[in-house]
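Participant: Would you be able to build a 3D model of this:
(2 chains)
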Amino acid sequence: MGYGASVHGLPALRRMPGNKWLEIAMIRMNHKGTRMDAEDFDTNGPGNVPEVVTHVKQVRADGMGVISMKLVGEGAFTSRADRQAAMKFAFNNAGVDAVTVGYKNAAEIDEAIENLNLALA
Amino acid sequence: MSQCSRRKFLKAGLAAGAIAGVANLPLRAARGTATDWVTLGKSGVKVTRLAFGTGTFSGQVQRDLGQDQFNRLVRHAYDNGIRFFETSETYGDMHRMLGIALKGIPRDSYRLMSKVTTREGVNPQAKIDELRRLASTEYFDIMLMHYQHVGSWPADTVLAGRHPGSQSKAGRGGLWSLGPRAAGAAPHARK
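Facilitator: I've put the predicted structure just below:
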(Lines give C-alpha, C1' and ligand atoms only; values in the text may rest on other atoms or scores of the structure.)
Protein backbone atom coordinates (compact mmCIF):
# COMPACT_ATOMS: atom_id res chain seq x y z
CA MET A 1 0.00 0.00 0.00
CA GLY A 2 1.14 3.51 -0.75
CA TYR A 3 1.06 6.28 1.77
CA GLY A 4 1.56 10.00 1.60
CA ALA A 5 -0.02 13.35 2.21
CA SER A 6 -2.06 16.05 0.56
CA VAL A 7 -0.92 19.58 1.28
CA HIS A 8 -2.54 22.99 1.12
CA GLY A 9 -0.40 26.12 1.13
CA LEU A 10 3.22 26.77 0.32
CA PRO A 11 4.52 26.48 3.91
CA ALA A 12 3.24 22.89 4.05
CA LEU A 13 4.27 22.08 0.48
CA ARG A 14 7.83 23.26 1.13
CA ARG A 15 8.22 20.51 3.71
CA MET A 16 7.58 17.70 1.26
CA PRO A 17 10.88 17.67 -0.66
CA GLY A 18 13.47 15.64 1.17
CA ASN A 19 10.95 13.82 3.35
CA LYS A 20 12.01 10.18 3.45
CA TRP A 21 8.73 8.96 4.84
CA LEU A 22 6.42 10.04 2.04
CA GLU A 23 5.84 7.90 -1.03
CA ILE A 24 3.02 9.87 -2.64
CA ALA A 25 2.36 13.61 -2.74
CA MET A 26 -1.00 15.10 -3.64
CA ILE A 27 -0.44 18.61 -4.93
CA ARG A 28 -2.82 21.06 -6.59
CA MET A 29 -1.92 21.98 -10.16
CA ASN A 30 -3.11 23.91 -13.17
CA HIS A 31 -1.70 26.46 -15.58
CA LYS A 32 -3.33 29.50 -13.98
CA GLY A 33 -2.74 28.96 -10.29
CA THR A 34 -6.45 28.76 -9.61
CA ARG A 35 -7.10 27.23 -6.18
CA MET A 36 -3.42 26.40 -5.95
CA ASP A 37 -0.91 26.83 -3.17
CA ALA A 38 -0.02 30.30 -1.91
CA GLU A 39 1.56 31.57 1.30
CA ASP A 40 -1.89 31.57 2.92
CA PHE A 41 -3.26 28.04 2.81
CA ASP A 42 -6.82 29.32 3.02
CA THR A 43 -6.79 31.91 0.28
CA ASN A 44 -8.94 31.87 -2.81
CA GLY A 45 -6.38 34.03 -4.55
CA PRO A 46 -3.97 32.73 -7.15
CA GLY A 47 -1.28 30.28 -6.20
CA ASN A 48 2.40 30.45 -6.99
CA VAL A 49 2.60 28.21 -10.05
CA PRO A 50 6.40 28.35 -10.58
CA GLU A 51 7.15 27.46 -6.98
CA VAL A 52 4.61 24.64 -6.91
CA VAL A 53 6.06 23.20 -10.12
CA THR A 54 9.52 23.40 -8.59
CA HIS A 55 8.39 21.34 -5.62
CA VAL A 56 6.66 18.80 -7.83
CA LYS A 57 9.95 18.25 -9.64
CA GLN A 58 11.80 18.00 -6.35
CA VAL A 59 9.54 15.37 -4.84
CA ARG A 60 9.58 13.37 -8.07
CA ALA A 61 13.37 13.52 -7.98
CA ASP A 62 13.06 12.18 -4.42
CA GLY A 63 11.15 9.21 -5.82
CA MET A 64 7.64 10.18 -4.80
CA GLY A 65 4.65 9.72 -7.04
CA VAL A 66 2.62 12.87 -7.61
CA ILE A 67 -1.16 13.01 -7.92
CA SER A 68 -2.64 16.38 -8.77
CA MET A 69 -6.04 17.95 -8.27
CA LYS A 70 -7.73 21.24 -9.27
CA LEU A 71 -7.40 20.43 -12.96
CA VAL A 72 -10.62 22.27 -13.62
CA GLY A 73 -9.89 24.97 -11.04
CA GLU A 74 -12.66 23.67 -8.78
CA GLY A 75 -15.15 24.46 -11.53
CA ALA A 76 -13.63 27.82 -12.43
CA PHE A 77 -12.43 26.66 -15.85
CA THR A 78 -15.64 27.07 -17.79
CA SER A 79 -13.93 26.92 -21.18
CA ARG A 80 -12.69 23.66 -22.57
CA ALA A 81 -9.53 25.42 -23.72
CA ASP A 82 -8.62 26.06 -20.10
CA ARG A 83 -9.38 22.50 -19.09
CA GLN A 84 -7.16 21.22 -21.89
CA ALA A 85 -4.41 23.68 -21.03
CA ALA A 86 -4.50 22.55 -17.40
CA MET A 87 -3.99 18.90 -18.40
CA LYS A 88 -1.14 19.78 -20.74
CA PHE A 89 0.54 21.92 -18.13
CA ALA A 90 0.23 19.30 -15.39
CA PHE A 91 1.81 16.51 -17.43
CA ASN A 92 4.11 18.33 -19.84
CA ASN A 93 5.41 21.16 -17.67
CA ALA A 94 5.04 20.00 -14.10
CA GLY A 95 5.45 16.30 -14.84
CA VAL A 96 2.83 14.87 -12.50
CA ASP A 97 2.07 11.15 -12.62
CA ALA A 98 -1.70 11.17 -12.27
CA VAL A 99 -4.60 13.54 -11.81
CA THR A 100 -8.01 13.34 -10.21
CA VAL A 101 -11.11 15.11 -11.41
CA GLY A 102 -14.58 15.20 -9.90
CA TYR A 103 -17.44 14.57 -12.30
CA LYS A 104 -21.15 15.16 -12.30
CA ASN A 105 -22.05 13.52 -15.61
CA ALA A 106 -20.72 11.10 -18.20
CA ALA A 107 -19.87 13.84 -20.67
CA GLU A 108 -17.39 15.30 -18.20
CA ILE A 109 -15.69 11.92 -17.87
CA ASP A 110 -15.48 11.55 -21.63
CA GLU A 111 -14.06 15.04 -21.98
CA ALA A 112 -11.43 14.54 -19.27
CA ILE A 113 -10.25 11.36 -20.99
CA GLU A 114 -10.06 13.18 -24.32
CA ASN A 115 -8.27 16.17 -22.80
CA LEU A 116 -5.66 14.01 -21.14
CA ASN A 117 -5.20 11.91 -24.24
CA LEU A 118 -4.61 15.12 -26.15
CA ALA A 119 -2.07 16.30 -23.57
CA LEU A 120 -0.17 13.04 -23.97
CA ALA A 121 -0.43 12.83 -27.77
CA MET B 1 11.23 17.37 10.17
CA SER B 2 12.79 16.90 13.53
CA GLN B 3 15.15 14.09 12.66
CA CYS B 4 16.34 15.56 9.40
CA SER B 5 19.93 16.68 9.75
CA ARG B 6 20.92 20.23 9.01
CA ARG B 7 23.22 18.98 6.27
CA LYS B 8 20.35 17.20 4.55
CA PHE B 9 18.16 20.24 4.95
CA LEU B 10 20.77 22.51 3.36
CA LYS B 11 21.33 20.01 0.58
CA ALA B 12 17.61 20.01 -0.16
CA GLY B 13 17.63 23.80 -0.19
CA LEU B 14 20.47 23.94 -2.71
CA ALA B 15 18.67 21.46 -4.91
CA ALA B 16 15.55 23.62 -4.71
CA GLY B 17 17.44 26.61 -6.02
CA ALA B 18 18.87 24.64 -8.90
CA ILE B 19 15.49 23.29 -9.90
CA ALA B 20 13.68 26.63 -9.51
CA GLY B 21 15.40 28.01 -12.58
CA VAL B 22 13.89 25.38 -14.83
CA ALA B 23 10.53 25.01 -13.13
CA ASN B 24 8.42 26.06 -16.07
CA LEU B 25 10.38 24.48 -18.87
CA PRO B 26 8.39 21.80 -20.66
CA LEU B 27 9.30 18.26 -19.69
CA ARG B 28 7.51 16.52 -22.53
CA ALA B 29 5.93 13.71 -20.62
CA ALA B 30 5.98 10.22 -21.98
CA ARG B 31 3.36 9.60 -24.61
CA GLY B 32 0.37 7.65 -23.56
CA THR B 33 -3.27 7.81 -22.69
CA ALA B 34 -5.47 8.81 -19.79
CA THR B 35 -6.20 5.22 -18.91
CA ASP B 36 -2.66 3.85 -18.98
CA TRP B 37 -1.44 2.34 -15.73
CA VAL B 38 1.44 4.30 -14.23
CA THR B 39 3.53 3.65 -11.14
CA LEU B 40 3.39 6.22 -8.35
CA GLY B 41 7.08 6.50 -7.62
CA LYS B 42 8.60 4.46 -4.83
CA SER B 43 5.19 3.42 -3.53
CA GLY B 44 5.12 0.90 -6.35
CA VAL B 45 1.35 1.32 -6.57
CA LYS B 46 0.02 1.38 -10.11
CA VAL B 47 -2.97 3.54 -10.97
CA THR B 48 -4.56 4.87 -14.11
CA ARG B 49 -3.35 8.36 -14.98
CA LEU B 50 -6.86 9.71 -14.69
CA ALA B 51 -8.73 9.18 -11.47
CA PHE B 52 -12.37 9.42 -10.50
CA GLY B 53 -12.60 12.02 -7.76
CA THR B 54 -15.50 12.22 -5.33
CA GLY B 55 -14.69 15.49 -3.63
CA THR B 56 -16.09 18.31 -5.74
CA PHE B 57 -16.95 20.95 -3.16
CA SER B 58 -16.20 18.37 -0.47
CA GLY B 59 -18.31 15.79 -2.28
CA GLN B 60 -21.50 17.81 -2.42
CA VAL B 61 -21.67 17.60 -6.22
CA GLN B 62 -21.35 13.82 -6.16
CA ARG B 63 -23.69 13.35 -3.18
CA ASP B 64 -26.34 15.46 -4.84
CA LEU B 65 -26.42 13.06 -7.77
CA GLY B 66 -28.05 10.45 -5.57
CA GLN B 67 -26.89 6.85 -5.31
CA ASP B 68 -28.40 5.54 -8.55
CA GLN B 69 -26.99 8.28 -10.76
CA PHE B 70 -23.66 8.11 -8.94
CA ASN B 71 -23.56 4.35 -9.57
CA ARG B 72 -24.05 4.93 -13.29
CA LEU B 73 -21.29 7.54 -13.31
CA VAL B 74 -18.82 5.22 -11.58
CA ARG B 75 -19.67 2.42 -14.00
CA HIS B 76 -19.27 4.75 -16.97
CA ALA B 77 -15.80 5.71 -15.74
CA TYR B 78 -14.85 2.09 -15.12
CA ASP B 79 -16.17 0.94 -18.49
CA ASN B 80 -14.11 3.65 -20.17
CA GLY B 81 -10.87 2.60 -18.49
CA ILE B 82 -10.66 4.73 -15.35
CA ARG B 83 -9.61 2.31 -12.63
CA PHE B 84 -8.47 4.71 -9.93
CA PHE B 85 -11.10 5.96 -7.49
CA GLU B 86 -10.44 8.33 -4.65
CA THR B 87 -12.28 9.78 -1.70
CA SER B 88 -11.68 11.26 1.74
CA GLU B 89 -12.95 11.18 5.28
CA THR B 90 -14.04 14.79 4.75
CA TYR B 91 -16.22 14.12 1.72
CA GLY B 92 -19.33 13.38 3.72
CA ASP B 93 -21.05 10.15 2.71
CA MET B 94 -18.74 9.37 -0.19
CA HIS B 95 -17.03 6.29 1.26
CA ARG B 96 -20.37 4.57 1.60
CA MET B 97 -21.66 5.74 -1.78
CA LEU B 98 -18.46 4.72 -3.54
CA GLY B 99 -18.49 1.33 -1.88
CA ILE B 100 -22.02 0.72 -3.15
CA ALA B 101 -21.15 1.95 -6.64
CA LEU B 102 -18.14 -0.37 -6.89
CA LYS B 103 -19.99 -3.41 -5.55
CA GLY B 104 -19.64 -6.37 -7.84
CA ILE B 105 -16.58 -5.08 -9.65
CA PRO B 106 -13.53 -7.29 -9.04
CA ARG B 107 -11.56 -5.58 -6.29
CA ASP B 108 -8.21 -6.29 -7.92
CA SER B 109 -9.26 -4.50 -11.11
CA TYR B 110 -9.19 -1.01 -9.62
CA ARG B 111 -7.29 1.04 -7.07
CA LEU B 112 -8.88 2.84 -4.15
CA MET B 113 -7.38 5.83 -2.37
CA SER B 114 -8.62 7.59 0.71
CA LYS B 115 -7.40 10.36 2.96
CA VAL B 116 -7.62 10.59 6.70
CA THR B 117 -7.69 13.83 8.60
CA THR B 118 -5.08 13.97 11.31
CA ARG B 119 -6.16 15.55 14.57
CA GLU B 120 -5.69 15.09 18.25
CA GLY B 121 -7.92 12.66 20.03
CA VAL B 122 -8.59 10.49 17.00
CA ASN B 123 -7.02 7.07 16.71
CA PRO B 124 -5.91 6.93 13.07
CA GLN B 125 -6.09 3.15 12.83
CA ALA B 126 -9.61 3.11 14.21
CA LYS B 127 -10.59 5.85 11.80
CA ILE B 128 -9.14 3.98 8.83
CA ASP B 129 -10.93 0.81 9.87
CA GLU B 130 -14.16 2.81 10.04
CA LEU B 131 -13.57 4.18 6.54
CA ARG B 132 -12.79 0.69 5.28
CA ARG B 133 -16.10 -0.57 6.60
CA LEU B 134 -17.98 2.39 5.15
CA ALA B 135 -16.41 1.80 1.75
CA SER B 136 -17.10 -1.94 1.95
CA THR B 137 -13.50 -2.76 1.15
CA GLU B 138 -10.97 -4.97 2.84
CA TYR B 139 -8.18 -2.55 2.08
CA PHE B 140 -7.18 0.74 0.58
CA ASP B 141 -4.41 0.84 -2.00
CA ILE B 142 -3.32 4.33 -1.00
CA MET B 143 -3.89 6.29 2.19
CA LEU B 144 -2.99 9.95 2.50
CA MET B 145 -2.86 12.25 5.47
CA HIS B 146 -5.32 14.86 4.37
CA TYR B 147 -5.03 18.62 4.32
CA GLN B 148 -1.62 19.21 5.82
CA HIS B 149 -1.55 22.99 5.81
CA VAL B 150 1.11 24.29 8.18
CA GLY B 151 4.86 24.23 7.80
CA SER B 152 5.37 22.23 10.95
CA TRP B 153 3.17 19.32 9.83
CA PRO B 154 5.92 16.71 9.44
CA ALA B 155 6.76 17.07 13.12
CA ASP B 156 3.26 17.82 14.39
CA THR B 157 1.37 15.05 12.70
CA VAL B 158 1.68 12.05 14.94
CA LEU B 159 0.13 8.92 13.61
CA ALA B 160 -0.06 5.85 15.77
CA GLY B 161 3.07 6.93 17.56
CA ARG B 162 4.94 7.70 14.35
CA HIS B 163 5.17 10.84 12.36
CA PRO B 164 6.28 11.72 8.84
CA GLY B 165 9.24 13.64 10.20
CA SER B 166 10.71 10.29 11.09
CA GLN B 167 13.42 9.11 8.76
CA SER B 168 13.00 5.57 9.97
CA LYS B 169 11.29 3.14 7.66
CA ALA B 170 10.52 1.07 10.72
CA GLY B 171 7.84 3.64 11.37
CA ARG B 172 5.72 2.29 8.58
CA GLY B 173 3.81 -0.22 10.66
CA GLY B 174 0.90 0.55 12.91
CA LEU B 175 -1.20 3.16 11.27
CA TRP B 176 -0.78 1.91 7.78
CA SER B 177 -1.99 -1.58 8.46
CA LEU B 178 -5.44 -1.50 6.99
CA GLY B 179 -7.13 -4.59 8.19
CA PRO B 180 -6.86 -8.24 7.27
CA ARG B 181 -4.32 -7.63 4.52
CA ALA B 182 -2.13 -5.61 6.75
CA ALA B 183 1.01 -3.60 6.17
CA GLY B 184 0.91 -3.18 2.46
CA ALA B 185 -0.35 -6.62 1.71
CA ALA B 186 -2.88 -5.55 -0.91
CA PRO B 187 -2.06 -8.42 -3.26
CA HIS B 188 -1.85 -6.40 -6.43
CA ALA B 189 -0.65 -3.09 -5.07
CA ARG B 190 2.89 -3.46 -6.33
CA LYS B 191 2.30 -5.46 -9.47
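
Participant: List the buried residues for stretch B:58-67?
Facilitator: B:Gly59, B:Val61, B:Gln62, B:Arg63, B:Leu65 (16 or more other Cβ atoms under 10 Å in any protein chain shown). (Each C-beta comes from the backbone N, C-alpha and C, glycine too.)

Participant: closest point of chain B to chain A, which residue?
Facilitator: Using Cβ to the nearest Cβ, the closest approach of chain B to chain A is made by B:Leu40 at 2.6 Å.

Participant: tell me the SS of the closest residue to that residue other than its chain neighbours?
Facilitator: Leaving out its chain neighbours, the residue that sits closest to B:Leu40 by Cβ to Cβ, 6 or more residues apart in numbering or on different chains is A:Gly65, at 2.6 Å. For A:Gly65, the secondary-structure state derived from DSSP: H, G, I helix; E, B strand; the rest coil is strand.

Participant: Run a quick neighbour tally on A:Gly65.
Facilitator: By other Cβ atoms under 10 Å in any protein chain shown, the residues close to A:Gly65 number 27.

Participant: next one: A:Arg15
Facilitator: The burial count for A:Arg15: 25, using other Cβ under 10 Å.

Participant: how close does the closest residue in space to it that isn't next to it in sequence sit to A:Lys20?
Facilitator: Nearest-residue entry for A:Arg15: B:Pro154, 5.2 Å, with adjacent residues in sequence omitted and distances by Cβ to Cβ, 6+ apart. Applying Cβ to Cβ, to the nearest Å, the value for B:Pro154 to A:Lys20 is 10 Å.

Participant: between these two, which one's more packed in?
Facilitator: B:Pro154 (23 against 18).

Participant: For the nearest residue to A:Phe41 once chain neighbours are set aside, give me its contacts.
Facilitator: Excluding the flanking residues, the one nearest A:Phe41 by Cβ to Cβ, 6+ apart is A:Gly9, at 2.7 Å. Counting by Cβ atoms under 8 Å, 6 or more residues apart in numbering or on different chains, A:Gly9 makes contact with A:Asp37, A:Ala38, A:Glu39, A:Asp40, A:Phe41, A:Asp42, B:His149, B:Val150.

Participant: most surrounded residue in the residues you listed?
Facilitator: Going by other Cβ under 10 Å, A:Asp37 tops these with 27 neighbours.

Participant: List the residues that contact that residue.
Facilitator: A:Asp37 neighbours (Cβ under 8 Å, 6+ apart): A:Val7, A:His8, A:Gly9, A:Leu10, A:Ala12, A:Leu13, A:Ile27, A:Arg28, A:Gly47, A:Asn48, A:Glu51, A:Val52.

Participant: can you rerun that using 10 Å?
Facilitator: A:7-14, A:27-29, A:43, A:47-49, A:51-52, A:55, A:70, B:149 (Cβ atoms under 10 Å, 6 or more residues apart in numbering or on different chains).

Participant: Which ones among these map onto strands?
Facilitator: Among the contacts of A:Asp37, the ones falling in strands (DSSP state E) are A:Val7, A:Ile27, A:Arg28.

Participant: how about A:Leu120, what does it touch?
Facilitator: Residues in contact with A:Leu120, defined by Cβ under 10 Å, 6+ apart, are A:Met87, A:Lys88, A:Phe91, A:Asn92, B:Ala29, B:Ala30, B:Arg31, B:Gly32, B:Thr33, B:Ala34, B:Asp36, B:Arg49.

Participant: which of those residues lies closest to A:Gly75?
Facilitator: Set against A:Gly75, the nearest of the contacts of A:Leu120 by Cβ to Cβ is A:Met87 (15.7 Å).

Participant: If you tally nearby residues, what's the number for that closest one?
Facilitator: So A:Met87, with other Cβ under 10 Å, has 30 neighbours.

Participant: Helix or strand: which one has it?
Facilitator: helix A:80-88 (DSSP states H and E).

Participant: helix or strand right after that helix?
Facilitator: strand A:98-102.

Participant: what angle sits between the following helix or strand past that next one and helix A:80-88?
Facilitator: For strand A:98-102, the succeeding helix or strand toward the C-terminus, using DSSP H and E, is helix A:106-119. Going by axes from the mean of the first three to the mean of the last three Cα atoms, to 10 degrees, helix A:106-119 is angled at 50 degrees with respect to helix A:80-88.
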